[in-house]
Every structure is written in structure tokens, then in C-alpha cells.
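Asker: Here you go, sequence then predicted model.
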Amino acid sequence: MAPLIPLIRARTGAHDLDAILIGRAGMDLYPLPVGTKTADATSFKSDMGGSSGNIAAAMARLGCTVGLAAPVSDDPVGAFVRRTLADFGIEHLTPQPVTGEPRTSLAFAELIANGSQTVIYRNNAADFMLEAAQLSPQVARAPLALVTGTALAAEPSRTASLAALDLSPCGVLDLDYRPYSWASDAEAQAIYAKAAEHAAIIVGNDEEFAILSGGTDPRSFAESMGAQKIVLFKEGAAGCTAFCPGQAPQFLAAFSVEAMKPFGAGDAFLGGTLAALIQGADLPTAMTRGAAGAALVVTRPGCASAMPTAAEIDTFLTENEAP
């Protein structure tokens, strides 16, 4: 696969960030010791979670300067997220806490390879309170803006996120479909389609492209979109196929590892891929580094804290032949 056109413009003097991410960040609680079911737990480990928070953490660990637009509630859970973002060196672009009833997302996730259960509390989510007036001035600070699909599920976050994709030189849409966030699949399809019009890169799995396509074969639909955009069609433990304008599909198999848990790989893959692209890699190289990050994350507890450094990815690639 030949190098593509530059997917992400180089930073200029007008940019002080590599990327802006838009979506949710929350608190995850993991039952301890590893292998414990939530119902049997007597102790938990905390970590930052949420797709945008995890991707931001992955990119920050890999040397990118990142801003995250994810409103959080004015309570200790929101304060935990704000403190964790600061620890990662991630600029919180929505630092004013949301007052009143909205709450930061909370998740309980089991560190179990097979049969792991995750319970997410997102009623009246604080991150849906994102306003276009907060976000739009921030978009010019970076050559890339990534929107995760849950940010599109409700107002005012929906309008703010659509505007960001429209304004950004390189809008990235991570479909990140969570059915409990949407009134219906028909609503999700309509809004996803509108967002996809303004995105240069679209990322999702079989289920997510099935929603975007409105019933068309998801893989065929993703491939057809690849005639005009960069499409990363994630295939779970099998790997990922890239569909790109003017090029044959490129499949990258996943690395084989002994997983501790089934979640976090998608966020690590996307964060690692985008970080490598920002740093000048071509798409195949970037995807390989993203796949290495995904392989490492599923062998570790946590999500944000499990994201690897560039040195750890380098070591993994030295010790493991590319699939």
C-alpha cells in the first residue's frame, strides 16, 4: 500500500495542539483482584474511561499535545476526571464543571477475558452539555478534530460536534455506537450520515457501519465510502481493513496476545494510529503501531492507564513480527 496524501496537515504557527477530541470521559471501576465479578467484589481500582478520554490518553502517552472537550459534573467524580486529565498532560477544553443534575459517566468493568460484563451509568450525562460556543473557537487550535459518536446522540453536544467536524481541516468520526444513547437506530443513522459528510476519516466496526448504512451490507458500504474518504473498518480480534481513495483495500491482522480483558483495544488502536499519522507515518505504519498498542492494552488492567508509551510499542514491535 503506497503512502497516501497527507491525511493530517502539519501544525502551523496558528496551532498549539496536535488534536482536539470531543466526546465523553468518565470514571471506570475495576473489581479486584483480576478475574473478580462485580457482584462478588469487595475492592475496586479506579481509572479514567470513556472513548474520547481513552483516545486522548493514548495520544498523550505517544507524545501528542491533546485537548479534550468533555464536560464533567461538579462533584467528586467530575473532579477525578479533571485531575486525571491533568496527570496525562491533556488540556481540558471544558474546565467549568456542569452544575445541577447532569452527572459524569460511571462504569463498572470486569477484568475477565471471557464473559466480562460492563455496566455503564450515563443517565443525564454531563458530556452532552457541550455547547458550540464553547467548542467552535477551540477547533482552530489543531489540524485535527475527532468526534466520537456518542457526542452526537443528544443536544447540545450534537450541534457542537457537527460544527467541529465542519470547521476542522481534518475531521475524524469514530462511530462509537452505543444503542442506549439514542432514541432509535433511525435517528442514529440520520445523524451519523450528516456527520460523515464532513469527516475525512471514518472509523467503526461491522455493527456501527450497519447503523450508518441504514441496512446495506456494512463492509460493502464501508468500501464504497472509501472511494472518497479514509475508512478504517475494524474487525475485532481479526484486525482492520483500510479503504482509501484510489487504492485496493489493505487488511492488517491483529497481533495475537493472551488478553486479560476484551475492552480498550479500539481506543488504543485509534489513538495509536492517529498519533503516528500526526508524527508523519504513512497509513500502513500508523495502523501497525495502533495494532501494537491495542495488543498491549488488552493484556493490562484499566483503560486510560493501560495505554502504552512509544518506547513500549517499539519494544513490542521488535519482539513480535507484524501479522
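Answerer: Cool, the structure landed.
Asker: Please report the distance of Ala140 from Cys244.
Answerer: If you measure Ala140 against Cys244 using Cβ to Cβ, to the nearest Å, the figure is 27 Å. C-beta coordinates here come from the backbone N, C-alpha and C atoms, glycine included.
Asker: try Ala227
Answerer: Relative to Cys244, and taking Cβ to Cβ, Ala227 is found at 9 Å.
Asker: Have a look at the two and say which one is more surrounded.
Answerer: Per other Cβ atoms under 10 Å, whichever of Ala227 and Cys244 has more neighbours is Cys244, with 22 against 11.
Asker: I figured the more buried one hits Leu283, correct?
Answerer: Yes. Using Cβ atoms under 8 Å, Cys244 is in contact with Leu283, at 7.0 Å.
Asker: show me where the stretch 51-200 of the chain has helices.
Answerer: 51-61, 76-88, 132-139, 157-167, 185-197 (DSSP state H, counting those that start in this stretch).
Asker: For the closest residue to Leu317 other than its chain neighbours, give me its contacts.
Answerer: Nearest in space to Leu317, with sequence neighbours left out and distances taken as Cβ to Cβ, 6 or more residues apart in numbering, is Ala292 at 5.4 Å. For Ala292, the contacting residues are Phe255, Gly272, Pro308, Ile313, Phe316, Leu317, Asn320, by Cβ atoms under 8 Å, 6 or more residues apart in numbering.
Asker: can you check Thr94 too?
Answerer: The contact partners of Thr94, taken as Cβ under 8 Å, 6+ apart, are Leu68, Ala69, Ala70, Pro71, Val72, Leu130, Gln134, Leu135.
Asker: I'd like those laid out as CSV, including pLDDT, neighbour count and distance to Ala210.
Answerer: Formatted as CSV, the contacts of Thr94 follow (pLDDT from 0 to 100; neighbours: other Cβ atoms under 10 Å; distance: Cβ to Cβ, whole Å):
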residue, pLDDT, neighbour count, distance to Ala210
Leu68, 98, 28, 29
Ala69, 98, 29, 28
Ala70, 98, 30, 27
Pro71, 98, 26, 30
Val72, 98, 32, 31
Leu130, 98, 28, 27
Gln134, 94, 16, 32
Leu135, 97, 24, 29
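Asker: hmm, which two among the residues you listed are most spread apart?
Answerer: Val72 and Leu135 (14.8 Å; Cβ to Cβ).
Asker: quick one on the thing from earlier: Validate this expectation: the residue nearest to Leu317 resides in a helix.
Answerer: Yes. The assignment for Ala292, made by DSSP: H, G, I helix; E, B strand; the rest coil, places it in a helix.
Asker: how close does it get to Gly53?
Answerer: 21 Å.
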